[in-house]
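Q: Sequence and predicted structure are below.
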Amino acid sequence: MTTLRILISEGNESANRARLIRNAGDSSGGLCDRVLHGIRSDLHTEIYFAPDGTQRPQRPLADYDGILFTGSMSNIQDMTDGTRRQIAFMQEAFASGTPLFGICWGLQLATVAAGGQVGPSHAADSHGEWPFARNVALTSAGRDHPMHLTRPDVFDSYAFHSDMIYELPVGATVTARNDSCIQALEIRGQKSVFWGVQYHPEADGSQAAGFTGGFSTALVEAGYYPDVNTLAASAKVLSRLGPDYRPAPEDREWLGDLALDRFDFAPVELVNWLHHHVCPARHRRLHMSRTGESPNSDYTSSGERNPHP
């Protein structure tokens, strides 16, 4: 098995990283690091704190096999210095030729960096989503896209966001959506191909419960829960969610219409990104280095040669 070198771009600024570690047990970058190593034990990962502006990745971006952009507690419209640094870094990543993936905030960063628009969900008559994205439906493009292999046509997933895509950038193809917002897309048109999701395939019930309980005041004030007691009861149910979970009758009050039969607790899109985007791109680069072949667009997003370029 070939060792893959993955750069994880942590989306949270330092104060929010500390808050996440205190309340949910890990930062977004740390969580993604653990999940990626659970998929492939041979990965070499590096976490880059792009918001801080105090370091650079250890290698040129083109030397990584993949770059993953995590979620964040930030709102892109606030345009802090940390956000500006991350947008600039995303634009740099787009120019590197390295396969890219973004989760939630990472999807929004890529959208803005490529020329699209992101804004608050409430301004578009959507409440945002917490802790689930329900009835996520693959588009016709999504049903044929390797990012969503093994996903049913309609599914539920963890979600924690109050912003959404308003306007797509040039080169974007929507692969999944629901009544709330665009849920997944691919962005082409630059040297790198970006895959991204608004929902959180890396999350688990324990992390979702810690995240929810740790930010109870803000969630109640935002209207996601009527009061802290309701939130606490919901977090308790969240903590039990997993592949072997069977809901007790009283749990249904907090789960609502969540469809557990189509809720895949595996990090499907991250598995597919590694296997169908990162690995083929690495093999392609090795082939070109041996043969002297020039990079071209005669490959699909999965890394296979396109029979109809």
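A: Looks like it came in fine.

Q: CA atoms of the lowest-mean-pLDDT helix or strand in the chain as PDB?
A: Between all helices and strands in the chain, the lowest mean by mean pLDDT, DSSP states H and E belongs to helix 252-255, at a mean of 81. C-alpha atoms of helix 252-255 as PDB (Å, rounded to 0.1, in the frame of the first residue of the first chain):
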ATOM      1  CA  ARG A 252     -38.000   9.600  18.700                       C
ATOM      2  CA  GLU A 253     -39.100  12.900  20.300                       C
ATOM      3  CA  TRP A 254     -35.500  14.200  19.700                       C
ATOM      4  CA  LEU A 255     -34.700  12.400  16.500                       C
END
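
Q: so how far is that helix off the chain centroid?
A: Relative to its chain's centre, helix 252-255 lies at 26 Å (Cα atoms, centre = their mean, to the nearest Å).

Q: what helices or strands is that helix leaning on?
A: Packing partners of helix 252-255 (3 or more Cβ pairs under 8 Å, 6 or more residues apart in numbering; DSSP states H and E): helix 228-238. (Glycine included, C-beta is placed from N, CA and C.)

Q: Run through who's touching the helix it packs on.
A: With Cβ atoms under 8 Å, 6 or more residues apart in numbering as the test, helix 228-238 has contacts from 131, 205, 208-210, 212-213, 216-217, 219-220, 224-225, 247, 251, 254-255.

Q: Report the buried residues of stretch 3-17.
A: Residues L4, R5, I6, L7, I8, S9, E10, G11, N12, E13, N16, R17 are the ones in stretch 3-17 that count as buried (16 or more other Cβ atoms under 10 Å).

Q: Assign a three-state SS to the fourth one, would you?
A: L7 falls in the strand class when you classify it by DSSP: H, G, I helix; E, B strand; the rest coil.

Q: in the sheet, who's paired with it?
A: E46, I67 (DSSP bridges).

Q: Pretty sure it sits against E46.
A: Yes - using Cβ atoms under 8 Å, L7 makes contact with E46 at a distance of 5.4 Å.

Q: How about the contacts made by T3?
A: The contact partners of T3, taken as Cβ under 8 Å, 6+ apart, are D42, L43, H44.

Q: Look up how far C279 lies from the first one.
A: Look at D42 and C279: by Cβ to Cβ, to the nearest Å, they are 12 Å apart.

Q: same check, this time on H200
A: 23 Å.

Q: So between these two, which is more surrounded?
A: H200 (27 against 20; other Cβ atoms under 10 Å).

Q: Just give me the neighbour total for the residue lying closest to the more buried one once chain neighbours are set aside.
A: For H200, ignoring the flanking residues on the chain, the nearest one in space by Cβ to Cβ, 6 or more residues apart in numbering is Y158 at 4.3 Å. By other Cβ under 10 Å, 24 other residues sit near Y158.

Q: Give me the phi and psi for Y158.
A: phi -70, psi 140 (degrees, to the nearest 10).

Q: Any idea what the spatially most central residue of the chain is bridged to?
A: Closest to where the C-alpha atoms of the chain average out (Cα atoms, centre = their mean) is I103, at 1.3 Å. Per DSSP bridges, the residues bridged to I103 are V197.

Q: isn't D33 right up against T45?
A: Yes - at 5.3 Å, D33 and T45 qualify as touching, with contact defined as Cβ under 8 Å.

Q: More neighbours: which of those two?
A: For D33 and T45, the more surrounded residue by other Cβ under 10 Å is D33, and the numbers stand at 22 against 18.

Q: Sweet, I'm off.
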